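In: Let's see this in three dimensions:
(chains A, B, C, D, E and F)
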Number of protein chains: 4
Amino acid sequence: MSEHRSGPVRNEAARQAILEAAASLFEEHGYDRLTMEGIAARAHTGKQTIYRWWRSKGDLVADCLLEGLILPDQLIPPSTGDVRADLAVWLERIFGLLQDSRGEGLLRSLVAAAAGNADVGRRLRNSLWANSSLIERLRAAAETGELPADLPLPEVSEALLGAVILRALGREAADPEAVDRLLTVVLGVR
Amino acid sequence: MSEHRSGPVRNEAARQAILEAAASLFEEHGYDRLTMEGIAARAHTGKQTIYRWWRSKGDLVADCLLEGLILPDQLIPPSTGDVRADLAVWLERIFGLLQDSRGEGLLRSLVAAAAGNADVGRRLRNSLWANSSLIERLRAAAETGELPADLPLPEVSEALLGAVILRALGREAADPEAVDRLLTVVLGVR
Amino acid sequence: MSEHRSGPVRNEAARQAILEAAASLFEEHGYDRLTMEGIAARAHTGKQTIYRWWRSKGDLVADCLLEGLILPDQLIPPSTGDVRADLAVWLERIFGLLQDSRGEGLLRSLVAAAAGNADVGRRLRNSLWANSSLIERLRAAAETGELPADLPLPEVSEALLGAVILRALGREAADPEAVDRLLTVVLGVR
Amino acid sequence: MSEHRSGPVRNEAARQAILEAAASLFEEHGYDRLTMEGIAARAHTGKQTIYRWWRSKGDLVADCLLEGLILPDQLIPPSTGDVRADLAVWLERIFGLLQDSRGEGLLRSLVAAAAGNADVGRRLRNSLWANSSLIERLRAAAETGELPADLPLPEVSEALLGAVILRALGREAADPEAVDRLLTVVLGVR
DNA sequence: CAATAAGCGAGACGGTACGTCTCGTCTTGCT
DNA sequence: AGCAAGACGAGACGTACCGTCTCGCTTATTG
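Out: Residues are numbered from 1 along each chain as shown, chains lettered A, B, ... in the order given. Have a look, this model is predicted:
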């Protein structure tokens, strides 16, 4: 005597099509101009099928993040043995992304999505800075003694990424000197 | 033969009413649920009068910022002579603001506004971290020798505020220990 | 070698539950707001079980009629020996039904159902005026000589019921004088 | 000091376009398949412009009736001097209309619209039988003595039209003999 | 007495239309 | 000319049902 619920199960193809449609439209137009009707149309799906499984645009985008459909994997810092240099490269790469309007829009769309939806915020937090490759790189450096062992890595990560986001929101161009100064402040090494 | 147009000139009362209506609705409902229609109604104004002088909702909110109608001045750090303690108080005050849903929404609404509109972003940058009371406080500390004279204050400011915003976006509660660790990382004092 | 398929046969309980659910919802909300989903839910039935046996909402309502689940039997004219008086009573009773909103909706729902579905129309015709108790009453009167033997009863019936329906559609209140004039016109007696 | 309301007045072109779109779609597809979206599209109008002025599809169709955009004027009885013959021709013409599916649908759509909307019902009543050309024809006959002067014309009209509608709802074909019998019953002449 | 095939409840699916909301523009008449 | 009021075309929102389809039972007949 099971807990059995009769009836059809969720259609995985539809789920995938919706997530992919949402992700591609997100990258094309950004969060604000992302519409449920557009997603449904591109996914060849009824709108109701979206609303059946996600309560809002934000929820849907949050799932896209979880599935890795939105964020480029170029955000992994290099690992040459010199943290300071690796992080400088990483930061400049990110700032580079923000130069062209695609990347600029992507980051700001993510921020807007996170600002508008708690779930997106939390998931973004997990995938971007709480359990990120950045933290991994920092931990590796701490273990080799390159960084002080008692450096609180989450706060370092937050300070770095926070500064990046702030510059992006403020539409401030990033020069190598600024990157250098930021690293000096946060890593405490000259 | 003057350059002067005929007809009435801009109605200052209308301008003020619109800015105040926008600011109050912004604080009540946040950026997303702020509508041009609602602003016009509360300001007893025609919508066209808004569109005549501001190109978008974002522009309007940016002006509200400039006029100091939106951000509470509670964000000025105290000045007791102990930077570390002052900043700790300041950070905890901000995190406190983010606890209740009003302040939570306010910050995230500002972030969303900045993400969606370049002008808002730049103006927010100027009033919040580039020329802010935070920088003032840091400069004072640098002058008294409390902080190293060569500490790059803009980067310190960015790292601190950036971390705050990141925690807000990630819906992360802030505890005193985290504040302490953050200050340790950024100010480089234990 | 029988023609009999294997497998279970039609579930009579389900059939009954569906008809009853349809009839009760019809009386509660009228034809327009009658939904297949609502019927299925009230009958604890899958929608497919309805569609398996009826092609449309109209078909289903038509069957409800046939089973006598919808029309009250209060529509039988009295039989006191005085046709004119009996029909007057009958007409006023019907007009009375139409006064309160339940009966008003019922008749108009029937009309709407008939207008939208040929089968409903034909079945309604049979149960309401072609082989109705009204015709019975008229025939009895014709046999006793109260009415002319050559009076074409179907046309009399149509004229009377048609007038009733017209008044209902036109939202015209019915007064006893109007009933009297109608009977004068149709029965040809003063 | 007037009751003046500033702002633009109703756009007559839009009003006309909407009524014409509704009327044409009504004749093409009938009441049930008439959609607000279709009307808005054909009228090059926003849906809101329809809902601003009419509360429902029914209201809109009622106005189409008032404007004479829906009903063909073929419903005027001829006037040869012989009422009985004129009405026979008129009835047969109507029954003829009901033969082809366009007219069939039109009448039943009108009935459905009237059944579903009180306003449509009342307006249809006024334009179809309360102040109709049928009544005119009957009155003329009463004045020339062709019909008894005390014949209650509204009831005659109701009985005739009611019978027509009943046959239409019951999907009953009409033969000349039936028409004749109906006239005998209602006009009381042989 | 299995195999098999239909009935059944539940409910997901692709759709259509709904009625509402807001946008940014346009129009009107007052000041 | 500036303004308030507000109508307008546009189009996304989230909801309600439609009629079909798929699932995993259950159940009667038949080989």
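In: and the helix or strand in which A:Val89 is found, is it in reach of chain B?
Out: Using DSSP states H and E, the element containing A:Val89 is helix A:83-99. No. Shown here: helix A:83-99 not in contact with chain B (CB under 8 Å from any CB of the partner chain), separated by at least 11.6 Å. In this view, the C-beta of every residue, glycine as well, is placed from N, C-alpha and C.
In: Next secondary structure element downstream of that helix?
Out: Helix A:83-99 is succeeded, C-terminally, by helix A:101-116 (DSSP H and E).
In: Next, the buried residues of that next one.
Out: Across helix A:101-116, burial judged by 16 or more other CB atoms under 10 Å in any protein chain shown covers A:103-116.
In: okay, those in TSV with pLDDT next?
Out: Output for the buried residues of helix A:101-116, formatted as TSV (pLDDT from 0 to 100):
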residue	pLDDT
A:Gly103	77
A:Glu104	76
A:Gly105	78
A:Leu106	81
A:Leu107	82
A:Arg108	79
A:Ser109	83
A:Leu110	86
A:Val111	85
A:Ala112	82
A:Ala113	84
A:Ala114	86
A:Ala115	83
A:Gly116	80
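In: okay, among the residues you listed, which ones form the most distant pair?
Out: Distance extremes for the buried residues of helix A:101-116: the farthest pair is A:Gly103 and A:Gly116 at 20.2 Å, using CB to CB.
In: Tell me what angle the lowest-mean-pLDDT helix or strand in chain A forms with helix B:101-116.
Out: Here the helix or strand of chain A ranked lowest by mean pLDDT, DSSP states H and E is helix A:101-116, holding a mean of 80. Taking axes from the mean of the first three to the mean of the last three CA atoms, to 10 degrees, one finds helix A:101-116 and helix B:101-116 inclined to each other by 170 degrees.
In: got the residue ranges for the strands in chain A?
Out: Applying DSSP state E to chain A gives no strands.
In: Pop the domain breakdown of it in here.
Out: What automatic domain parsing lists as the domains of chain A is A:12-56, A:73-187.
In: Nearest to chain D among those would be which one?
Out: Set against chain D and scored by CB to the nearest CB, the domains of chain A come closest in domain A:12-56, at 13.7 Å.
In: Can you give me the end-to-end span of that closest one?
Out: Domain A:12-56 stretches 19 Å from its first residue to its last (CA to CA, to the nearest Å).
In: Report whether that domain contacts chain D.
Out: No. Figure legend: domain A:12-56 not in contact with chain D (CB under 8 Å from any CB); closest approach 13.7 Å.
In: what distance separates that domain from the centre of its chain?
Out: 19 Å (CA atoms, centre = their mean, to the nearest Å).
In: same question, stretch A:105-124
Out: For stretch A:105-124, the distance to the chain centre is 8 Å (CA atoms, centre = their mean).
In: and the nearest residue to A:Leu134 once chain neighbours are set aside, what pLDDT?
Out: Distances taken as CB to CB, 6 or more residues apart in numbering or on different chains place A:Ser157 nearest to A:Leu134, at 5.3 Å, with adjacent residues excluded. pLDDT recorded at A:Ser157 is 95.
In: Look up the closest residue to A:Arg167, ignoring the ones flanking it.
Out: A:Ala174 (5.8 Å).
In: quick revisit: which among the buried residues of helix A:101-116 gets closest to A:Gly46?
Out: Nearest to A:Gly46 among those, with distances taken as CB to CB, is A:Ala113, at 23.6 Å.
In: surely the closest one meets A:Gly58?
Out: Yes. Counting by CB atoms under 8 Å, A:Ala113 touches A:Gly58, with 6.0 Å between them.
In: All the helices of chain A, residue numbers only.
Out: Under the criterion DSSP state H, chain A carries helices at the ranges A:12-29, A:36-42, A:47-53, A:57-66, A:83-99, A:101-116, A:118-125, A:133-144, A:153-169, A:176-187.
In: Just confirm yes or no for the last one near chain B.
Out: The one in question is helix A:176-187. Yes. Applying CB under 8 Å from any CB, one finds helix A:176-187 touching chain B at A:178, A:181-182, A:184-186.
In: Direction-wise, compare the helix holding A:Val89 with helix A:153-169 and give the angle.
Out: Using the same axes, to 10 degrees, helix A:83-99 lies at 30 degrees relative to helix A:153-169.
In: Put the alpha carbons of helix A:83-99 into CSV.
Out: Only the C-alpha atoms of helix A:83-99 are listed here, as CSV (Å, rounded to 0.1, in the frame of the first residue of the first chain):
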residue,chain,number,x,y,z
VAL,A,83,47.5,34.1,-5.6
ARG,A,84,47.9,37.8,-5.9
ALA,A,85,48.7,37.5,-9.7
ASP,A,86,45.9,34.9,-10.2
LEU,A,87,43.3,37.1,-8.5
ALA,A,88,44.5,40.1,-10.5
VAL,A,89,44.0,38.2,-13.7
TRP,A,90,40.6,37.0,-12.5
LEU,A,91,39.4,40.5,-11.5
GLU,A,92,40.6,42.0,-14.8
ARG,A,93,38.9,39.2,-16.7
ILE,A,94,35.7,40.0,-14.9
PHE,A,95,36.0,43.7,-15.5
GLY,A,96,36.8,42.9,-19.1
LEU,A,97,33.5,41.0,-19.3
LEU,A,98,31.7,44.1,-18.0
GLN,A,99,33.2,46.3,-20.7
